[in-house]
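S.K.: coords please:
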Amino acid sequence: MKITDLITWFEEWANPAWCENWDNCGWQIEPGVLEEEARVLVCLTPTLAVMAEAIALNANLIFAHHPLIFNPPKSLRSGEALAEMVRLAFTHNIGIYSAHTNFDQVNDGTADVLAQILQLQAVSPIVPTQSGLGYGRVGMLEPALTLQELLSTIQTQLHPPKLIFSPAANLQQQISRVAVLGGSGAGFISAVVKTNAQAYLTADCKFHQFQESRDQGLILIDAGHYATERPACDRLVQKFQSLNLNWVQLSQQDEDFRQFLP
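M.R.: You can find the predicted model right below:
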């Protein structure tokens, strides 16, 4: 499959026109690879480490969830990460394409994959957007789990380096309704409360957002940005494999940009 055909297929599923106005979905760098047979390296974040991996593997497309460019740069200077990514992309003929908030909304996107991992039933979006799609997912645990069991499941399935949850939560409380949203989802706390979810799995939660959640009777669970979005990248590789691409692989150089002392 040519890169142009792969992108056409993807955009019919996750239209880049759905991305938020602050976002930057779609082509980040296109150095003239559209007619080449696709050799795709899928990653969460396009970094210099991922670029080096793509060069070593002779990939011609880095397909990322996070955009390389959020805001228009005022300059590109030697030694800067963005400038180096651009230089290497054109030197080695490697395109960089990002699917961000459009990929968050779709079936088998970032939130939907989390819901599937937790085996949620009767799932619906936290915030609907179009055609039954939207941000986040909320659904039922059948059978219900204790909070301790739910936290253990999240730890086992997502392998976060640290798992943070609301203060004074009762670990033996029965949890039957759960909301999920991969990445920075604390801004959706009020919307989650309206869904009657008892627990909310997301990432990048600040101190007072744990207070806000607790005060509204919602158990907030922060598993980290990387751990909550990386599984969707793996799912994307599986979907690309079903298209019989010449070569597609999940990046092994993707990074969680946080480290924790044991």
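
S.K.: For the longest helix seen in the chain, which outside residues touch it?
M.R.: The residue-count maximum for a helix in the chain (DSSP state H) belongs to helix 225-241. Contacts to helix 225-241, defined as C-beta atoms under 8 Å, 6 or more residues apart in numbering, come from residues 6, 40, 42-44, 63, 65, 103, 108-110, 112-114, 117, 158-161, 180-184, 201-204, 248-251, 254-258. Yep, even glycine has a C-beta here, placed from its N, CA and C like the rest.

S.K.: Skipping its backbone neighbours, what lies nearest the spatially most central residue of the chain in space?
M.R.: Most central in the chain under C-alpha atoms, centre = their mean is E229, positioned 3.2 Å from the mean C-alpha point. Spatial nearest neighbour of E229, excluding adjacent residues (C-beta to C-beta, 6 or more residues apart in numbering): G182 at 4.3 Å.

S.K.: my read: the one you found touches D104, true?
M.R.: Yes - because the distance of 7.2 Å satisfies C-beta atoms under 8 Å, G182 is recorded as touching D104.

S.K.: Between the two, which contacts overlap?
M.R.: Residues touching both G182 and D104 (C-beta under 8 Å, 6+ apart): 110-111.

S.K.: which residues of the stretch 51-200 of the chain score low on pLDDT?
M.R.: Counting by pLDDT under 70, the stretch 51-200 of the chain has no low-confidence residues at all.

S.K.: how about the strands in it?
M.R.: Taking DSSP state E, counting those that start in this stretch as the test, the strands found in the stretch 51-200 of the chain are 61-64, 95-98, 121-124, 127-128, 134-135, 137-146, 164-165, 174-184, 199-203.

S.K.: Among the ones you listed, which comes closest to F70?
M.R.: Proximity of the strands of the stretch 51-200 of the chain to F70 was assessed by C-beta to C-beta; the nearest stretch is strand 95-98, lying at 9.8 Å.

S.K.: just how off-centre is the closest one within its chain?
M.R.: For strand 95-98, the gap between its own C-alpha mean and the chain's C-alpha mean amounts to 15 Å (C-alpha atoms, centre = their mean, to the nearest Å).

S.K.: likewise stretch 207-217?
M.R.: Here the centre of mass of C-alpha atoms in stretch 207-217, compared against the chain's by C-alpha atoms, centre = their mean, lies 24 Å away.

S.K.: in that stretch, what's buried?
M.R.: 209-210, 212-213 (16 or more other C-beta atoms under 10 Å).

S.K.: Which residues does it contact?
M.R.: Counting contacts by C-beta under 8 Å, 6+ apart, the residues outside stretch 207-217 that touch it are 164, 166-168, 186, 189-190, 193, 200, 205, 219-220.

S.K.: Quick check: the farthest pair among those residues?
M.R.: Among these, the pair separated by the greatest distance (C-beta to C-beta) is A168 and S190, at 20.7 Å.

S.K.: Settle it for me: which of those two has more neighbours?
M.R.: Here A168 and S190 are compared on neighbour count by other C-beta atoms under 10 Å; more neighbours surround S190, at 11 against 5.

S.K.: any idea how far that one is from R214?
M.R.: Noted for S190: a distance of 14 Å to R214, by C-beta to C-beta, to the nearest Å.

S.K.: Please apply the same query to G132.
M.R.: Distance check for G132 against R214: by C-beta to C-beta, it reads 31 Å.

S.K.: Show the contacting residues for A54.
M.R.: Contacts of A54 were listed using C-beta under 8 Å, 6+ apart, and they are 41, 62, 92, 94.
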